[in-house]
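Enquirer: next one to model:
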Amino acid sequence: VGEKLLKDVVPEGAPQEIISVNTKKDALGHRIDIIEYAYQWKFDDAMARQLRRKKFQLHCKAAVVVARKKQFVLTIAAEENRWPIRGDDYKIAIDTFKLTY
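Expert: Presented below is the predicted three-dimensional model:
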């Protein structure tokens, strides 16, 4: 699940890393895969000039749920240098995600 998610969301050729993968079940029995990953990519020329840097590194966390033959993905991301500040808040958001479908 993690490798397929990264193939869909990370630009081709970007350096990437799966940090952790966990699976849990919610109260309704849905399997929830929680994938934490990071990747690095470059800004387009206009954005690079505006921000005065060429690259960015995103730290991401995603919850993937399949219910009633539909896939639901919740993704949260922050630049790597902001993850220590926002990561705990994002963990709470992912951990309390509920599908009421």
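
Enquirer: pull the helix or strand with minimum mean pLDDT from the protein.
Expert: helix 45-51 (a mean of 85; mean pLDDT, DSSP states H and E).

Enquirer: top helix in the protein by residue count?
Expert: Criterion DSSP state H: the longest helix present in the chain is helix 83-95.

Enquirer: packing partners for that helix?
Expert: strand 55-67, strand 70-79 (3 or more Cβ pairs under 8 Å, 6 or more residues apart in numbering; DSSP states H and E). Where C-beta positions appear, they are placed from N, C-alpha and C, glycine not excepted.

Enquirer: highest mean neighbour count out of those?
Expert: Greatest average neighbour count among the helices and strands packed on helix 83-95 goes to strand 55-67 (a mean of 18), per mean count of other Cβ atoms under 10 Å.

Enquirer: and the angle from that one to strand 70-79?
Expert: Between strand 55-67 and strand 70-79, the angle comes out at 160 degrees (axes from the mean of the first three to the mean of the last three Cα atoms, to 10 degrees).

Enquirer: name the strands paired with strand 55-67 and say parallel or antiparallel.
Expert: Counting by DSSP bridges, the strands paired with strand 55-67 are strand 31-42 (antiparallel), strand 70-79 (antiparallel).

Enquirer: could you give the angle of that strand to helix 83-95?
Expert: Using the same axes, to 10 degrees, strand 55-67 lies at 10 degrees relative to helix 83-95.

Enquirer: kindly export strand 55-67 (C-alpha atoms) in CSV.
Expert: Presented in CSV, the C-alpha positions along strand 55-67 are these (Å, rounded to 0.1, in the frame of the first residue of the first chain):
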residue,chain,number,x,y,z
LYS,A,55,14.3,22.5,-3.5
PHE,A,56,11.9,21.5,-0.8
GLN,A,57,11.6,18.3,1.3
LEU,A,58,8.1,17.2,2.4
HIS,A,59,7.4,15.0,5.4
CYS,A,60,4.0,13.4,5.0
LYS,A,61,1.6,11.1,6.7
ALA,A,62,-1.3,9.4,5.1
ALA,A,63,-4.2,7.2,6.2
VAL,A,64,-5.6,4.9,3.5
VAL,A,65,-9.0,3.2,4.0
VAL,A,66,-11.0,1.0,1.7
ALA,A,67,-14.7,0.8,2.4
